[in-house]
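Undergrad: Here you go, sequence then predicted model.
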Amino acid sequence: MSIRRHRIKDILQTGTEGQQVTICGWVRSRRESKAFAFLVLNDGSCQATLQCIVDQGIPGFDLLGRCQTGASVRIDGELKKSQGKGQSWEVHAKKLELYGEADPETYPLQKKGHTLEFLREIGHLRGRTNTFGAVWRLRNALAYGVHEFFQSRGFMWAHTPIITGNDCEGAGEIFTVTTLDLNKVPKTDKGAIDWSKDFFGKHAHLTVSGQLEGEFLALSLGDIYTFGPTFRAENSNTTRHLSEFWMIEPELAFADLEDDMKLAEDFVRFLCGWAVKKCPEELAFLSEMYKGLTPDDIAKLSESKFSAITYTDAVKELEKASVKFEFPVKWGIDLQSEHERYLTDHVFKGPCIVTDYPKDIKAFYMRQNDDGKTVAAMDVLAPRIGEIIGGSQREERLDLLETRIREMKLPVDELQWFLDLRRFGSVPHAGFGLGFERIVQYLSGMGNIRDVIPCPRAPGSIAF
């Protein structure tokens, strides 16, 4: 059997009067009388549905009683201008075929409102709702936009490993990968786990970042970007954290912090404009339902100039703020979300970039500034959400990088390959990381990050 179907999205954009079409989709609603019935279908290709008029006497008319909400059907028919309000086209069916039934007594997505909490429990079905159909299409469009942005600027997509022996952030919040028998774990003379007996011969884990590998690729190829899954074993149950998420990490050779800031700003603006261009119906629906950014807000953001402020000056602004923060502010602490939102929403009334953070709260690979206290780091802060990008110029000086590694008590021997990049043809270079789910969450207006990835992974959550 050959199925050549027409997507509803294409029909609504380019359909013509009298066109013969084949629609395959899921029933959203059904209304019937003795002589005919209306079936409203959605096929996932767009936000809209398409109404089909099924007259008595056509092949398959006797199947109508089984075409309940959630059932999957195929309709062959003729496209005609709709006489009803709120729709431009309708299909006059010539044949109805039922693919799969949905028992109305047990199908959980009946025609009524459902809470997001409930829909997380049926993640395998939530893509059939208006909300999650919109979110997944927005996510798809933004993923395409990521590649469009970097490829059009001459960057190469680098495939860095998911299994690694490097802990880029040095935080220890990692998922171990092992083939050892957990009932008989081999031990060293000192009682520690003997990783030499494991599959890779050393302690391996899921990556927290592709940055370190991205650096050696950038110092061979010029400008690269990664876009793939990363993992954090952080026992956090907030609305902003996932254990598995997708990270975008460009790395620029022959670049400094200013170059890094400009790329990050251009990237955020581009994704905002891309979303408005590719998903206007989805953004309008999500904005109305969840009171997030409107398409006009996002369009303005795509043309906004980002303000810039040093960390030191940002702390001064926060210290003189009239509001009382839950977390006190002082120089040397990492800024919290409430501090970041105050800067964007009240001080700058728009996106901003904070630079030159204290070195003691940043990673070992960031370039030290001449003051000996700060590093050439930057965070891009967006209104309502706070940090959306974190990046830095990398330390290209061998002696300073090696000293910093030792100060932070990191394994120098295991990072010799990383130091080689500074021994052999070192160059100024910079990069940043953007958690893909953060930008999807920001533009969709979804309050919980678990609602912008199809299969969320979080503590205690491994379903689907």
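TA: Cool, got the structure. Quick caveat: nothing in here was measured; it's all calculated off a predicted structure.

Undergrad: any weak-confidence spans in the chain?
TA: 1-2, 167-172 (pLDDT under 70).

Undergrad: Could you rerun that using 80?
TA: 1-3, 34, 84-86, 166-172 (pLDDT under 80).

Undergrad: Helices of that one, start to end?
TA: 8-14, 116-121, 130-151, 211-221, 257-278, 280-290, 295-301, 311-319, 337-342, 398-407, 416-423, 436-444 (DSSP state H).

Undergrad: Tell me which of those helices lies nearest to Pro454.
TA: Nearest to Pro454, of all those, is helix 130-151, at 6.7 Å by C-beta to C-beta. (C-beta placed from N, C-alpha, C; glycine too.)

Undergrad: Compute the inter-axis angle for the closest one and helix 280-290.
TA: With axes from the mean of the first three to the mean of the last three C-alpha atoms, to 10 degrees applied, the angle from helix 130-151 to helix 280-290 works out at 130 degrees.

Undergrad: Any idea how far helix 130-151 is from the middle of the chain?
TA: Centroid displacement of helix 130-151 relative to its chain, using C-alpha atoms, centre = their mean, to the nearest Å, is 9 Å.

Undergrad: packing partners for it?
TA: helix 116-121, strand 156-157, strand 223-231, helix 257-278, helix 280-290, helix 436-444 (3 or more C-beta pairs under 8 Å, 6 or more residues apart in numbering; DSSP states H and E).

Undergrad: make it 6 Å
TA: helix 257-278, helix 280-290, helix 436-444 (3 or more C-beta pairs under 6 Å, 6 or more residues apart in numbering; DSSP states H and E).

Undergrad: count of residues packed around Leu63?
TA: 15 (other C-beta atoms under 10 Å).

Undergrad: With adjacent residues omitted, what lies nearest to it?
TA: Leu98 (4.6 Å; C-beta to C-beta, 6 or more residues apart in numbering).

Undergrad: so the one you found touches Asp62, yeah?
TA: No - judged on C-beta atoms under 6 Å, Leu98 makes no contact with Asp62 at a distance of 10.0 Å.

Undergrad: quick one, which of these two is more surrounded?
TA: Legend: neighbour count by other C-beta under 10 Å for Leu98 and Asp62, higher for Leu98 (15 against 10).

Undergrad: what's across from the more buried one in the sheet?
TA: Listed by DSSP bridges, the beta-bridge partners for Leu98 are Val73.

Undergrad: what's the neighbour count on the residue nearest to Tyr144 when sequence neighbours are not counted?
TA: Excluding the flanking residues, the one nearest Tyr144 by C-beta to C-beta, 6+ apart is Lys278, at 7.7 Å. By other C-beta under 10 Å, 16 other residues sit near Lys278.

Undergrad: Isn't Lys278 up against Ala141?
TA: Yes - look at Lys278 against Ala141 with C-beta under 6 Å: they come within range, at 4.0 Å.

Undergrad: if I look at these two, which residues touch both of them?
TA: Contact criterion C-beta atoms under 6 Å, 6 or more residues apart in numbering; residues shared by Lys278 and Ala141: none found.

Undergrad: Arg269 touches Glu303, doesn't it?
TA: No - counting by C-beta under 6 Å, Glu303 is not a contact partner of Arg269; they are 7.1 Å apart.

Undergrad: Pick out whichever of these two has more residues nearby.
TA: Taking other C-beta under 10 Å, Arg269 and Glu303 do not tie; Arg269 has more neighbours (18 against 9).

Undergrad: how about the nearest residue to the more buried one, chain neighbours excluded?
TA: Ser302 (4.9 Å).

Undergrad: now the one you found: how far from Phe149?
TA: Computed as C-beta to C-beta, to the nearest Å, the Ser302 to Phe149 distance reads 12 Å.

Undergrad: Likewise for Ala134?
TA: With C-beta to C-beta as the criterion, Ala134 and Phe149 are 22 Å apart.

Undergrad: Check Trp195 too.
TA: Taken as C-beta to C-beta, the span from Trp195 to Phe149 is 40 Å.

Undergrad: higher neighbour count, Ser302 and Phe149?
TA: A direct count of neighbours by other C-beta under 10 Å for Ser302 and Phe149 places Phe149 higher, at 20 against 17.

Undergrad: The more buried one reaches Val268, doesn't it?
TA: No - here Phe149 does not reach Val268: they are 10.1 Å apart, not a contact under C-beta under 6 Å.

Undergrad: Now for Pro108: which residues touch it?
TA: Pro108 touches Ile122, counting by C-beta under 6 Å, 6+ apart.

Undergrad: can you rerun that using 8 Å?
TA: 114, 122, 125 (C-beta atoms under 8 Å, 6 or more residues apart in numbering).

Undergrad: repeat for Asn42
TA: 8, 25-26, 28, 48-50, 128, 133.

Undergrad: can you count the residues close to the residue nearest to it when sequence neighbours are not counted?
TA: Excluding its sequence neighbours, the residue lying closest to Asn42 (C-beta to C-beta, 6+ apart) is Thr49, at 4.7 Å. Thr49 has 19 neighbouring residues, counting by other C-beta under 10 Å.

Undergrad: pretty sure Thr49 is touching Phe38, no?
TA: No - using C-beta atoms under 8 Å, Thr49 is not in contact with Phe38, being 11.0 Å away.

Undergrad: which residues touch the nearest residue to Lys291 once chain neighbours are set aside?
TA: Once flanking residues are discounted, Lys291 sits nearest to Gly445: 6.7 Å by C-beta to C-beta, 6+ apart. Residues near Gly445 by C-beta under 8 Å, 6+ apart: 286-287, 290-293.

Undergrad: Only whichever of those residues are buried, select them in ChimeraX.
TA: In ChimeraX, a selection of the buried entries from the contacts of Gly445 looks like this (16 or more other C-beta atoms under 10 Å):
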select :286,287,290,292,293
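
Undergrad: Now render the contacts of Gly445 as a markdown table, adding distance to Ala93.
TA: Conversion of the contacts of Gly445 to a markdown table gives the following (distance: C-beta to C-beta, whole Å):
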| residue | distance to Ala93 |
| --- | --- |
| Leu286 | 32 |
| Ser287 | 34 |
| Tyr290 | 35 |
| Lys291 | 39 |
| Gly292 | 38 |
| Leu293 | 40 |
